[in-house]
Structure formats: C-alpha cells, structure tokens
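Novice: Sequence and predicted structure are below.
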Amino acid sequence: MSVLAGPAVPVVSPPRGRASRSWSAAVRAVSLPLLLAGLVLPFLPLLLWAVAERYPYPALTPTVTSSRPLRLLADPTSEVLTGLVNSVSIAVAVAIIAALIGLSAGRALGLHQFRGKRLVQFLLLAPVIVPGLAVTLGIQVFFIRYGLSDTRRGVVLVHLLAAVPYVSLVMSSVYANLDLRLEDQARTLGAGPVQVFLRITLPAVAPGLAVAGLFAFLISWGEYVLTLLVGGGAVKTLPLLLYSYLGSTDTPVAAALGLALVVPPVLLLAVTSRLLSGEGTPLAGFGRT
Amino acid sequence: MITTRAARRRGLPQGLATLLLLAPALGVVLVLFGGGVVMGVLASLGYQPFLPGRDLSLDAYRGLLDDVEVRRSLVLTFRIALLSTLVSAVLAVGAALLLRGTRRGRRAALLVFQLNLPVPHLVGAAAMLLLLGQSGLVSRLLFAVGLVDAPAAAPVLTNDAVGWAIMAEYVWKEVPFIGVVVLAALSGGVSDLEDAARSLGAGAWSRFRFVVLPHITPAVVSTSIIVFAFTFGSYEVPLLLGQPFPATLPVVAYQAYSDTDLTARPRAMAIAVLITFLVVLVVLAYSVLTERVLRPAERRRVTGT
Amino acid sequence: MRSRALVLAGTVALALSACGGQDDTTTAEAPSPSAAATGGFEAVLAEAKGQTVNWYMYGGDDRLNAYVNGYVKTELAKAGVTLNQVKITDTAEAVNKVLGEKAAGKDADGSVDLIWINGENFATLKQADAVECGYLEDLPSTENVDLTKPGIATDFGLETEGCEVPWQQATSALVYDSTALDDADVASVESLFAWAKDNPGKLTYAAPPDFNGSMAVRTFFFDTAGGTDQFLGEFDQAKYDAAAPKLFERLNAVEPSLWRGGKTYPAAQTEVETLFANGEVDAYLTYGSSGIAALVDKGTLPKTTRSAVFQDGNIGNYSFTTIPSNAAHKAGAKVLANLLLSPAAALENAGPDGAGFTSAIDIAKLPADQRAQYEALGASPYQVPAAELAANTLPEVVSDYVTQLEKDWKANVLQQ
C-alpha cells in the first residue's frame, strides 16, 4: 500500500439496525465533505493571490489577473532561483546524511539489546521534544566562532539535529521488522559482510530508508527559524524568502512563492510512494511505542 | 527478533558494534543538542565563552517571572499549545474513524487527507493569513452574503489576543499527522475484534471505548506529545499570525536574543532555558500519567482477547 | 537501472555542493590591510577588484531593491566588485550580527561588509568600537556633501567622526486618503487625533522599535513637548521625565480611536502600508512619502492619496552606510559607499526608474549641468514637493531619547 493511499485499513461494516445505519450514514455524508473541504480551503487564497494583479476587497476572485508573480519565480534577478538552489541542495544533503546516520543507528536500535538502550532512545528523541530554537540559541556562538554561521554547511548541520531523531525512529522500526534469516543464509552460502549488506540488507531496508530520507528532506525543506539563526540571513532558502515577501506589500509574489514551496515536497511524496507501492508502510511502526 | 550471531561471527564484540553504529547519531545529538542545552544554561548565568570572564549569577532568572512580558507570554503559549493539541487529537481520531468507514471514494479521500502533510508550517501560516485576515477570503465570503460591510467589521482572527489563526494553522496541519498514525494503528486487526464484540452484543460506544480506544491510545499519546512540544516551541507561525504583545515564548526568546544590547543576552538565554524546562516537564508528566492509565488498559485489552 | 544510478549521482552531487565547496556568501580571500594606510581612491579600487560585498540593508522597499539590484549592481560590477544585497527587516539585525561576531572573537573575515544605518544602531556600533573610520577623504563622492552640516557631522546627536558615509535624506510626512481627511484634519497632530476620535479605527502606527513607528512616537512626543529645541544636545533625564508622561497619557487617550481599538499595533511599517492599501486605515506617518507617486501610478494606492506635513514641523534625518571593523571586504564596501553617494547614482534614483529617495548630496555643490538636470525633474500631485518637505524639518535628537522612548512606549502603551 503506498504511503499516499494510506495503510491497509479494512472497511468497517456499518452497524445493524436501519435507524442507526441511516443516522450514521447521514453523519458521514455531512462530516466527510466538511473535513475534506476544511483541509483544502487554506490552499484557495494562495492559488487566487498567486495569479492576482489587483485583488481589492471585497472581490472574491482577482479583478485583474497576471502571470507576473509566477513568472517572477523564474526570474534570475529575483533571488528566488538562488533560494531554490539553496533549499534543494541543503535539503538533499540533509536527507542523504540523515538517512545514512539512520541506517547505522537504526540497526543498533532495532536489533541489538544493550544496557542503556532506553537512555539512548530517550536521548535520540530529545530533539523532537525540546524546541530547536532554544537549543540553537545556545550553540549559535560556537557556530559563529568556528565559521559555520552564514554558510550552507552550518545550516545542514543544524537541520541534521532536527532530522536525526525521526530517521532513527523510522529505521529502528524498519530493522525491527527485518527478517535476519536471509542475512544468515547468505552468510552460510559464503557471502562476505559487504556483499551481505549490499545484496541482502540494503534492498530489504531500502523502502524504509527512502521514507526516512523523505522525512529528513521535508524537515529541512520547511525549516525557517534555524536557517535564519545559523544562516544569518546570508543563506537564503525559500522559507526565508517567503517570510520577507510576506512582510512586503507584494502579496501575489508571496502567494506564488508559498505554492512553489509546496510543489516539490508533494511531488517527492508522490514519487516515493509510487516507488514504494506494494511495500508495507513503515509509518505503521510509528504508532507503536 | 534479536540476534547477536552476526556480530559475534564477525569477531566484533557486541558492545563495540553497537557503539560504532550509534556513534554518528549520538554524536550529532550530544554535540549539537547537548552542547546547545549546556551552553544555553551557562549563557543564562552570564558565561560568554570567548570574552573575558564575567561573574556568573542567577540574575537573569530573578526577575523573569515578574516580567510582565514573560508572564503573559507563558500563559498564552500554554493555552495555545494545550488547546491545539487537544482539538487536533480529538478531530484526528474522529477523522480516522470517518475515513476508515468510507467505502466509496476511499482512495481519493485518503489522498486529500494527507495532502497537507508535506506543506511547511510557514506556508500554512501564510495561507491562514490570507484566509482568515480581516481582508481575507473568509471575510470576503461573509461580505458576499451580507454579513460584514467592511474589513473592520470582519471577525478578528489574525494578530489577535486569543490566537485563533495560530491554533487553526496547528489544527489544520496536525489533524492529518495524528490521523495517519491512528489509521496505521487501526490497521492491525482491530476490525476483527470489533466484529467479535458486535456479535457479542456490544453497542457502538462500548466497542469504541473497549476495543478501538485502547488500540489507538499509544498512537494518540505519542503523537500528542510531539504536537504539544512542537506547538509550544514553534516560532514562525505565531510570529506571522500573532500579536507583538503578548507573543509566545519562542518569539519573546528570539527577540530578546536579537537585542543589540548584549548585556540582555542572559535574559534571552534564561527564557530559552525556561522553554526547554517547561516542555520537558509537561512531556514527562504526560508520559507518567498515561503510563498509569495505559497499563491497566493494556491488561484489559490483553485479557479481552 | 542506469537512469536510477544517474539520478543518484545527480542528487549526491547536488548535496555535496551544499556541504563543501564554494559558498556564495563569503570568498576565500584573506583579509587585506586597510586602504586608508596606502591612501587614495585608486588604491581602494585596486584592492576592491574581485571582491563580493555583503550589504545588509532594510529590504521592505521594492523600488529601492530594484534600484540596488539593477543600477547599483551593474555600476559596481564595472569596478570589478560584485554586490550581494542581504535584505533585513530591521537594521538592528545587522548590528546584532556584528556584535555577535565580536563576542565570538571573530575580529576579521566578518560576514557583514556594509550596513545602511543611522541613529541608535550606529551609536551602538560606534560605542562598541565596531566601525571602520577615517576613510572619507579617500572617497571622491564626499566632495559633493557638506560634511560639516549638523545632520551629517552628527548622527542623531552623536559625532560621526568619519565612521560612516552619508547616503540618503529622509523627511517624514503624513500619507492619507483625501476622501476621508481634509486639509484641516491633517494640519497638526492635535487635529489628526481629533479626526481619529470621530472616525475610530482608521489610524494607526507601527510598534516601535520599527523605524517608522519610532518616528511616529517621536513626532507625537515633540508635538506634546512643544518642539525639539529643549532636547537638542546631551540626553537630559530631567527634561525627558518632565515631558514623557504627558505623551503616554495622550497616546493612551487616543488609543481606543485607533485601529483595532489600539489593542494591538502592526509589528512593522509594511503592515501599516498594506492596511492603507486595503483601505483598513486612512492615514499613516512615514519616511517613505516620496515613493507614493509610483504606487498610485501602479494602482496599488487610490488616486485620492495625498501627503502632508504638519504645521509644527516634521522629523527628518540623514542615513548613512557604515563598514564594520571586522568586515571581510572593506575596500569593496568603500567603493560601494562611494558609488551610492555619486551624483550619477543620485540622478538615476530621482528619475523614473529610480527608488525615489532624496540623496544626501548638496545640490548647490554640484556642477551647473548636473544641477540643472536635478531641477528639471517633475513633481507629483500625490506627494509633497521635496523643497516643502525640507522647509520645516525638525532636527533629530540624541539617540538615547529614541531608545528611551521606545522602551517606555512598550511599557506604558503596548503592555497596558
């Protein structure tokens, strides 16, 4: 079942009794569209403003439309392209490094038993609980001193801090569900450790690894305040650009930028889920403590 | 599930293998996270690593809770975080049950449900600004039906004292997040148990309370903890959608940190330490409480099968 | 299979580009000795070749950004210097950055090369010994400026002592919708507040320490205190304490008539401008009244927009560019500062493609032909002519007053 299609949840048959059946059907008929409409509604003003030239109150749709905001996104002088390159390169770096870290840590967490395991799990989960801003304020002075601030390297590092807990969690549940007998069989057939890893383990954990990498990408892609702090305004990513456009009077460009921020993650999610279709989603492991 | 044969066969002692595997992750966390927390505490006491020594003191903490800005901020942050988490959890469970029972158009509904998962919070905040602002889309719709006649007459939902738009953004983003995890928890054969319960005469509410709820409680608890911690420590959403005063604690901390008067730095770090302390406290309390409630429920669930 | 490997290789390459290698923001050059030691603009130009200047400036003015990234960038490139504009919402961010680097022991290779600055931000840096000084004689453009003029020799009352280069002149004005306010309403602060009482919810100002919001509070302060004369010179706590409570009393009295009943204030000037553009407020004070004509022509603002100055005077000041003492590219920054102040740049700015600000250049000091070009530029019905703006300008006071007012406004008005 692909990530987008959701977990394999069987349909629950409606309760007995005509009265309760129609009541529940009525509730469902009203609440489902309401839920979906509520989820879609916030996208609407973004779409409308992104094609607007003039959109005065109280018009429901723009009175004058224009492709200027969207065209501006491709304009090299508008620094959106720089922002895009920065955002993508940083997020991809974070995804790859975090996935590798998770690949390694996940094995230990999912398969090994050792003293202090609970402590390690707690430590690795701590950055999820403790707000990243509070922690980064503390370490900022070292970033400045050691030349990491205002650089993409520094931003990658601080995004890693946010991503490592998630990838560790995902990979630990992936490894926990791994059937080690395949590895053992390969070994008895004479395969060396590298071969076992590349031919047996890696393909088995690859779907989970992709999801972990995706998580890390999304975390880095949408990050604002950590990039602002460590990047110091010199490393311009798309969220920083969006914030500065939101603070200007050019709402159409801000809206277009907002939409641009959404498209790559959604595309990535679609691609990953298609690659994963047929595999069980590791998200299922997320819910079990 | 566990085997140490592989490690032993390679000749590496089990402990060393584990350590090596965990090293990168622990390295990142201990250096960056641990360093940040420790440095934050030290800085709040007045320590500056690269400048000549100043006397350490608790001065920054002394007036902290008397400071009206911090006090009001504390109340606001807690209120927003608690309400957002509660509403998101309840709505998410409802949404998960709703989606579970949907027969026609199930794939499409699930797709729409998960659509905003990859959307960054900043974009969500921008969307809420354009939707719920006094000259936003909702206001224009109200104008079209004659309920308001000017932007000033529209309900104040953004940059307001309650934080309506802030909470709306959190709920909008977190309901699918919690919902997806709850759905995953519901995929593990719960429906069979429900059928069994129904055949024994249990009504809809009893089935929910004794079969479904215990199954999804771990999922709801763990995601609620994450949601609370996130909403408490979130910066960009209240920055965009909130008021300059009172602002949420992370906004106040950042503003204090950005003060050009560097002698105010300890106060900023003290606020950051306060944020850390409060979040950890609440999460610990929540985990302890739910452990106590969950364990009897777990027992009931196990013996129930 | 092969395509997947290609994609993999591509993403790894992309990722590596973020991890190591060149960053756009800093070059790999070692810091060079100050050009002032070797003397002369020629030496500065030679040293600046190939540098990239990181210029931290307020980024909320679209026309100014277009001017900077268009004309200024191109002209600077002719000297072999690359411009990297870093937009900030508040100059204090750049100040904080420099001070933060100093606190981290970074005394060279700083990330900030040039800052658009004045007032209390400059005072903070100067008092922390964080600015480069003594190079104004090397810059030819400074010949067109009267460096002894009060607003230029002293920045908000603090001696500049050659530590910053003049750039712009700003004078404040009230921008309003003439369908909602008439000439009598905009004559003075008192009449404006009276109009607000009759038309509640249509007036507001940005919360200090926003630059324009701070100016608004200062305007009200001087109006309440009866002028700026008594505040010129050193900061006098007694004089401040005598006048300030009356100001806050007055501001709290008018508060219920402001936008949102005064329960909140817009966090930044751009929000105020958006409110005015949406018709949610009908008047606001701004330093940027010279940009109004372009906005009306664009259709963002209604054709009924007008500007006015109060009878009792309006606040005006000069703004400068300054080079932090730990800047990595001081020579390039000097070339940029010199370019910004040049007559050619000022003329370009005053033209149709320009940003519409007023240069700090003394027009009387220009050669006759350039002076004629200036005087040929037309006026606009939507904004107050530059001469009238400058006629009744009140000088700025010591920045200690500014900081004190900002702090006390927060305590006495915002947090009530």
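Specialist: Arrived safely.
Novice: use CA for all of it now, contacts and neighbours both
Specialist: OK.
Novice: Tell me the residues on the stretch 1-150 of chain C that lie near chain B, please.
Specialist: With CA under 8 Å from any CA of the partner chain as the criterion, the stretch 1-150 of chain C meets chain B at residues C:92, C:93, C:95, C:96, C:99, C:103, C:104, C:105, C:124.
Novice: was I right about the fifth one contacting residue B:260?
Specialist: Yes - with contact defined as CA atoms under 8 Å, residue C:99 and residue B:260 form a contacting pair (7.5 Å).
Novice: tell me the contacts of residue 106?
Specialist: Picked chain A for this. A:168, A:169, A:170, A:171, A:172, A:173, A:174, A:175 (CA atoms under 8 Å, 6 or more residues apart in numbering or on different chains).
Novice: my question was about chain C
Specialist: Residue C:106 sits next to A:144, A:145, C:326 when contact means CA under 8 Å, 6+ apart.
Novice: Out of the contacts of residue A:106, the closest to residue A:94 would be?
Specialist: Comparing the contacts of residue A:106 against residue A:94 with CA to CA places residue A:168 closest, at 13.7 Å.
Novice: Including secondary structure, neighbour count and pLDDT, could the contacts of residue C:106 go into JSON lines?
Specialist: Below are the contacts of residue C:106 laid out as JSON lines (DSSP: H, G, I helix; E, B strand; the rest coil; neighbours: other CA atoms under 10 Å in any protein chain shown; pLDDT from 0 to 100):
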{"residue": "A:144", "secondary structure": "helix", "neighbour count": "25", "pLDDT": "90"}
{"residue": "A:145", "secondary structure": "helix", "neighbour count": "18", "pLDDT": "88"}
{"residue": "C:326", "secondary structure": "coil", "neighbour count": "23", "pLDDT": "94"}
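Novice: Where does residue C:115 fall, secondary structure wise?
Specialist: For residue C:115, the element it lies in under DSSP states H and E is strand C:114-117.
Novice: Ok, residue C:168 next?
Specialist: Residue C:168 is part of strand C:165-171, with elements assigned from DSSP H and E.
Novice: Against which helices or strands is that strand packed?
Specialist: strand C:314-322, helix C:330-341, strand C:358-359 (3 or more CA pairs under 8 Å, 6 or more residues apart in numbering or on different chains; DSSP states H and E).
Novice: Mind checking those for the one nearest to chain B?
Specialist: Evaluated with CA to the nearest CA, the helices and strands packed on strand C:165-171 place strand C:314-322 nearest to chain B, the distance being 16.5 Å.
Novice: List of residues touching that closest one?
Specialist: Here strand C:314-322 makes contact (CA under 8 Å, 6+ apart) with C:114-118, C:131-132, C:151-152, C:155-156, C:163-173, C:215, C:219, C:337, C:360, C:389-390, C:392-396.
Novice: ok so, going back, what angle separates the strand holding residue C:168 from helix C:330-341?
Specialist: Here the directions of strand C:165-171 and helix C:330-341 differ by 40 degrees (axes from the mean of the first three to the mean of the last three CA atoms, to 10 degrees).
Novice: mind listing what the very next helix or strand once past strand C:165-171 pairs with, with the direction of each?
Specialist: Using DSSP H and E, the helix or strand that follows strand C:165-171 in sequence is strand C:173-177. Paired neighbours of strand C:173-177 in the sheet (DSSP bridges): strand C:283-286 (antiparallel), strand C:305-308 (antiparallel).
Novice: buried ones in the first one?
Specialist: Taking 16 or more other CA atoms under 10 Å in any protein chain shown as the neighbour-count basis, strand C:283-286 is seen to contain the buried residues C:283, C:284, C:285, C:286.
Novice: pLDDT for those - can I get that in a markdown table?
Specialist: Shown next, in a markdown table, are these (pLDDT from 0 to 100):
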| residue | pLDDT |
| --- | --- |
| C:283 | 95 |
| C:284 | 96 |
| C:285 | 95 |
| C:286 | 92 |
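Novice: wait, residue C:323 sits on residue C:134?
Specialist: No - using CA under 8 Å as the test, residue C:323 is too far from residue C:134 to be in contact (11.0 Å).
Novice: Have a look at those two and say which one is more surrounded.
Specialist: Between residue C:323 and residue C:134, residue C:323 has the larger neighbour count (other CA atoms under 10 Å in any protein chain shown), namely 27 against 12.
Novice: For that one, list the residues it contacts.
Specialist: For residue C:323, the contacting residues are C:113, C:114, C:115, C:131, C:132, C:163, C:164, C:330, C:333, C:334, by CA under 8 Å, 6+ apart.
Novice: Identify the residue nearest the fifth one in space, chain neighbours excluded?
Specialist: I take that to be residue C:132. Spatial nearest neighbour of residue C:132, chain neighbours left out: residue C:325 (4.6 Å); criterion: CA to CA, 6 or more residues apart in numbering or on different chains.
Novice: Show the pLDDT at the one you found.
Specialist: Per-residue confidence (pLDDT) for residue C:325: 95.
Novice: Output the strands paired with strand C:173-177 in TSV, with distance to residue A:98 appended to each entry.
Specialist: Below are the strands paired with strand C:173-177 laid out as TSV (distance: least, CA to CA, whole Å):
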stretch	distance to residue A:98
strand C:283-286	48
strand C:305-308	55
